[in-house]
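K.L.:
structure for this input, please:
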Amino acid sequence: MKYRYSNKKLTLALVVFVVTSCAVATTKLNSFKPGSDIWPDNNGVHINAHGGGVLYHQGTYYWFGEHKIKGKIGNSAQVGVHCYSSTDLYNWTDEGIVLKVSNNPNSDIIKGCVIERPKVIYNKKTNKFVMWFHLELKGKGYDAARTGVAVSDTVTGPYQYLKSHRPNPNRWPINYSVGEWFQNDKYLKRDFKTGQMSRDMTLFVDDDDKAYHIHASEDNRTIHICDLTDDYLGFTGKYSRVFPEGWNEAPAICKYNNKYFMITSGCTGWKPNAARSAVADNIFGPWKPLGNPCRRKNLKNGLGPHLTFGGQSTYILPVQGKEDAFIAMFDIWTPKNPIDGKYIWLPVEFRANRIFVRWRNEWDLSIFDRIVKKKNWVSKDSEEPQPPSYELVWSDEFDINGPPDPCNWIYEHGFVRNQELQWYQPNNAQCKNGMLVIEAKREQVKNNRFDPKSKNWRQRRKYARYTSASIKTRGLHSWLYGRFEARARIDTRDGSWPAFWTVGFARGWPGCGEIDIMEYYQNMVLANACWAGNKNSYKPKWDAVKKNIEYFQDPNFSSKFHVWRMDWTKDYILLYIDDILINTIDLSRTINYQDKTNPFREPHYIILNLAIGGDRGGDPSRTKFPIKYEVDYVRVYQDVPRKNR
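P.N.:
Numbers count the residues shown, from 1 in each chain. From the prediction side, this is the model:
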């Protein structure tokens, strides 16, 4: 009886399993649910096409991606490239493995290599389907930095692997002048003869059927956009560099209204970060950075634009049959068990030559019919986020000529920090014609605290050979959270070190916390924060981003005013230049080592200063003085219940 009863239970369980599986497999989907744990294929199995791209051919979409397996070994290629097909983008049929890894130890694509971000395009002239992918050789980590190519007569393969490349050996980019070596060009020069590095990549076919290979190069410091040969199987040698030293990867590209739009990611390994976007009139550039395209929050994991909803860009998919309709594809990576990776597909919107991706819990293709299309497009939901409860709580517009308002600012005096060369004094800060002008001068001032026997550098100097000013709101105004903004013009010549920053006052530095909303020295713009995160409480731990001025691709950068901004919440700090997101700082990590406090959940005050030389500022000896730091305004916005203290 016992065994007979168990067999009945087993039979019943099998029947239930089969019925349930069939129900899952045959249920038709009619919407997208971004970030869902399961996106079932026709067999009821979670789609396994990570880092993928989509090709539309003869009425059917084909989704190609990395096939993952369980465990960390799944981060390497154990199977190959998987393909799925669909006629509606919701429901996908498993077409199997279309490019298999090799068992030949001499093959580039031997089992255990790394195959990432496969993309397939169709060549109308040769009637061939061409697949490109990021390839890392087995056992070489990410040092090989190659791109592989395979070809097939049919869209679902099998694809024949041809070879791998380091693109464009012995060729300089078209937007580069040989001999104009900057520090960030050493990688381009290093790889000139062997070919440039190629990591995260995508493909793009333009209206004239010209194809382009876009990838992260120069150790992920710079994006390269490369012209492919007419058969799409090689490189012509024509390419351009985009955002040198910008640290971009995961490029995805589309064309709308005769402009090219690109979404990229920062470089944080498998961890999410804030997406970036850019626009250009020509695919080779120049490209204009647009900032973070993402809007709203992923309600499934609580992650918003500052972490791209938990995902990373992989492809922008044109939707057939709908005018100017695109889907932005992102992957949520799970490196501990890669097969569990999830997909985020969201509709793309455009407005005033900018690209936006707004989180939606569920949506379908009819959304493209509801979006109001205009020449410069689209939805009011795409407006730059400004929480309606935010209001201006404090500002200084510097409208009255003379010294800065003593109700807002106090002065620093003498030699202060970083072995800087200037002597701070009030006279060097004046309001003129609606602006604060901090002026550094080459002039000798006697140090009234001079002591030749002192071990303190501030007292050992008999004279200062430069003067400048530093003003701060300490003791007058401080704030916890909000939007901090300044419009300013900085002098970028040698020796100049201007800053717009905040500091706490609950304890000494660095435990009090420091946020550099704007800092500049030696051709670099910085967006930083530091705290006492090391065992040695006097040694700061930094979350720092540096950008060469060339990154902004504006030869007149130094002659223009720019808006530096911080958006500060209890969870994160976002630092911007002209609405371009430069750094995202996760405040769950900014814990002081000794007392476990978080200095970025405490009030800070503002400092505006212009330093000369010192530890970082460079050599001012050949610079013609004065050097000026001009500030149009400083403003602080806060949530209404949290007005300034």
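K.L.:
quick one, what contacts the residue nearest the centre of the chain?
P.N.:
With distances taken as CA atoms, centre = their mean, the chain has Gly266 as the residue nearest its mean C-alpha position (3.2 Å). Residues in contact with Gly266 (CB atoms under 8 Å, 6 or more residues apart in numbering) are Trp247, Asn248, Glu249, Asn273, Ala274, Arg276, Thr584. To be clear about C-beta, it is placed using only N, CA and C from the backbone, and glycine gets the same treatment.
K.L.:
same question, Ile580
P.N.:
With contacts defined as CB under 8 Å, 6+ apart, the neighbours of Ile580 are Arg276, Pro289, Leu290, Gly291, Phe552.
K.L.:
and the third one, what pLDDT?
P.N.:
When you say that, I think you mean Leu290. Note for Leu290: predicted pLDDT of 87.
K.L.:
starting at the chain centroid, how far to the helix or strand harbouring it?
P.N.:
Element membership for Leu290, per DSSP states H and E: strand 288-291. Chain-centre distance of strand 288-291: 11 Å, with CA atoms, centre = their mean, to the nearest Å.
K.L.:
list the strands paired with that strand, with their directions.
P.N.:
strand 276-280 (antiparallel) (DSSP bridges).
K.L.:
what about Pro603, how many residues nearby?
P.N.:
16 (other CB atoms under 10 Å).
K.L.:
mind pulling up the pLDDT for it?
P.N.:
96.
K.L.:
and stretch 529-548, how far apart are its ends?
P.N.:
Using CA to CA, to the nearest Å, the end-to-end distance of stretch 529-548 comes to 18 Å.
K.L.:
swap in stretch 475-484?
P.N.:
End-to-end distance (CA to CA), stretch 475-484: 18 Å.
K.L.:
going forward, count from 38.
P.N.:
That works, and once the first residue is 38, the last one we named lands at stretch 512-521.
K.L.:
what does that stretch contact?
P.N.:
Against stretch 512-521 from outside (CB under 8 Å, 6+ apart): 427, 430-431, 444-447, 539, 542, 554, 602-607, 638-643, 671-676, 679, 681-682.
K.L.:
bridging residues for Tyr666?
P.N.:
Under the criterion used (DSSP bridges), Tyr666 bridges to Ile475, Ile527.
K.L.:
Asp528 is in contact with that one, correct?
P.N.:
Yes: if you go by CB atoms under 8 Å, Tyr666 and Asp528 touch, sitting 6.7 Å apart.
K.L.:
so which residues of the stretch 538-682 of the chain form strands?
P.N.:
With strands called from DSSP state E, counting those that start in this stretch, the stretch 538-682 of the chain shows them at 551-558, 561-568, 578-585, 599-605, 609-614, 617-623, 641-649, 664-676.
K.L.:
low-scoring pLDDT stretches of the stretch 538-682 of the chain, where are they?
P.N.:
Counting by pLDDT under 70, the ranges of the stretch 538-682 of the chain that qualify are 677-682.
K.L.:
which neighbouring elements make contact with the one helix or strand Met168 maps to?
P.N.:
Met168 is located in strand 165-173, with elements delineated by DSSP H and E. Other elements packing on strand 165-173 under the criterion 3 or more CB pairs under 8 Å, 6 or more residues apart in numbering; DSSP states H and E are strand 151-160, strand 183-189, strand 238-242.
K.L.:
now the shortest one against strand 151-160, angle please.
P.N.:
What it means is strand 238-242. Angular relation of strand 238-242 and strand 151-160 on a 0 to 180 degree scale: 0 degrees, by axes from the mean of the first three to the mean of the last three CA atoms, to 10 degrees.
K.L.:
what of the second one?
P.N.:
Per the same axes, to 10 degrees, the angle that strand 183-189 makes with strand 151-160 is 50 degrees.
K.L.:
can you name every helix or strand that strand 183-189 contacts?
P.N.:
Packed next to strand 183-189, using 3+ CB pairs under 8 Å, 6+ apart, are strand 165-173, strand 197-202.
K.L.:
give me the mean pLDDT for stretch 94-101.
P.N.:
Mean predicted lDDT for stretch 94-101 stands at 98.
K.L.:
flag every buried residue along stretch 227-240.
P.N.:
Asp228, Gly232, Gln233, Met234, Ser235, Arg236, Asp237, Met238, Thr239, Leu240 (16 or more other CB atoms under 10 Å).
K.L.:
any idea of the mean pLDDT in it?
P.N.:
97.
K.L.:
centre of the chain versus that stretch, how much separation?
P.N.:
Distance, centroid of stretch 227-240 to centroid of chain: 20 Å (CA atoms, centre = their mean).
K.L.:
kindly export that stretch (C-alpha atoms) in CSV.
P.N.:
The C-alpha trace of stretch 227-240 is given here as CSV (Å, rounded to 0.1, in the frame of the first residue of the first chain):
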residue,chain,number,x,y,z
ARG,A,227,51.0,52.3,-26.8
ASP,A,228,48.6,50.3,-29.0
PHE,A,229,49.3,52.1,-32.3
LYS,A,230,51.3,49.3,-33.9
THR,A,231,49.4,46.3,-32.5
GLY,A,232,45.9,47.7,-32.9
GLN,A,233,43.6,49.4,-30.4
MET,A,234,41.9,47.6,-27.5
SER,A,235,38.3,46.6,-28.0
ARG,A,236,36.1,45.6,-25.1
ASP,A,237,32.3,46.4,-24.6
MET,A,238,31.0,46.9,-28.1
THR,A,239,27.9,47.4,-30.3
LEU,A,240,27.2,47.6,-34.0
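K.L.:
Tyr666 and Asp528 - which one has more neighbours?
P.N.:
Per other CB under 10 Å, whichever of Tyr666 and Asp528 has more neighbours is Tyr666, with 28 against 20.
K.L.:
how close does the more buried one sit to Ser533?
P.N.:
Applying CB to CB, to the nearest Å, the value for Tyr666 to Ser533 is 8 Å.
K.L.:
what do you get for Trp568?
P.N.:
27 Å.
K.L.:
and the closest residue to Phe363 other than its chain neighbours, helix, strand or coil?
P.N.:
Distance criterion CB to CB, 6 or more residues apart in numbering; nearest residue to Phe363, sequence neighbours excluded, is Val385 at 4.0 Å. Under DSSP: H, G, I helix; E, B strand; the rest coil, the three-state class of Val385 is strand.
K.L.:
same question, Cys444
P.N.:
Quick answer, by three-state DSSP: Cys444 is coil.
K.L.:
quick check: next helix or strand after the strand holding Leu327?
P.N.:
strand 331-332.
K.L.:
what mean pLDDT does that following strand get?
P.N.:
Per-residue pLDDT over strand 331-332 has a mean of 89.
K.L.:
who's in contact with the helix or strand following that strand?
P.N.:
The element immediately downstream of strand 331-332 (helix or strand, assigned by DSSP H and E) is strand 349-355. The contact list for strand 349-355, computed with CB under 8 Å, 6+ apart, reads 88-91, 93, 154, 156, 239, 287-291, 298, 300-302, 309-310, 312, 362-368, 370, 382, 385.
K.L.:
over to stretch 528-536?
P.N.:
Residues contacting stretch 528-536 (CB under 8 Å, 6+ apart): 457-458, 475, 477, 525, 527, 553, 555-560, 586, 594-595, 644-651, 653-661, 664-666.
K.L.:
pull the helix or strand with minimum mean pLDDT from the chain.
P.N.:
Every helix and strand in the chain was compared by mean pLDDT, DSSP states H and E; the lowest is helix 39-63, with a mean of 41.
K.L.:
run the chain-centre distance for stretch 453-468.
P.N.:
On CA atoms, centre = their mean, the centre of stretch 453-468 falls 35 Å from the chain's centre.
K.L.:
got the CA coordinates for that stretch in PDB?
P.N.:
Extracted in PDB, the C-alpha atoms of stretch 453-468 (Å, rounded to 0.1, in the frame of the first residue of the first chain):
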ATOM      1  CA  VAL A 453      45.700  77.400   5.300                       C
ATOM      2  CA  ARG A 454      46.100  74.000   3.600                       C
ATOM      3  CA  ASN A 455      47.900  71.700   1.100                       C
ATOM      4  CA  GLN A 456      51.200  73.700   1.200                       C
ATOM      5  CA  GLU A 457      49.500  76.200  -1.200                       C
ATOM      6  CA  LEU A 458      51.500  79.200  -2.200                       C
ATOM      7  CA  GLN A 459      48.900  82.000  -1.700                       C
ATOM      8  CA  TRP A 460      48.200  84.100   1.400                       C
ATOM      9  CA  TYR A 461      44.500  84.300   1.900                       C
ATOM     10  CA  GLN A 462      43.200  87.800   2.600                       C
ATOM     11  CA  PRO A 463      39.800  89.500   2.400                       C
ATOM     12  CA  ASN A 464      40.800  92.200  -0.100                       C
ATOM     13  CA  ASN A 465      41.100  89.600  -2.900                       C
ATOM     14  CA  ALA A 466      37.300  88.900  -2.900                       C
ATOM     15  CA  GLN A 467      35.100  91.600  -4.300                       C
ATOM     16  CA  CYS A 468      31.600  91.700  -5.800                       C
END
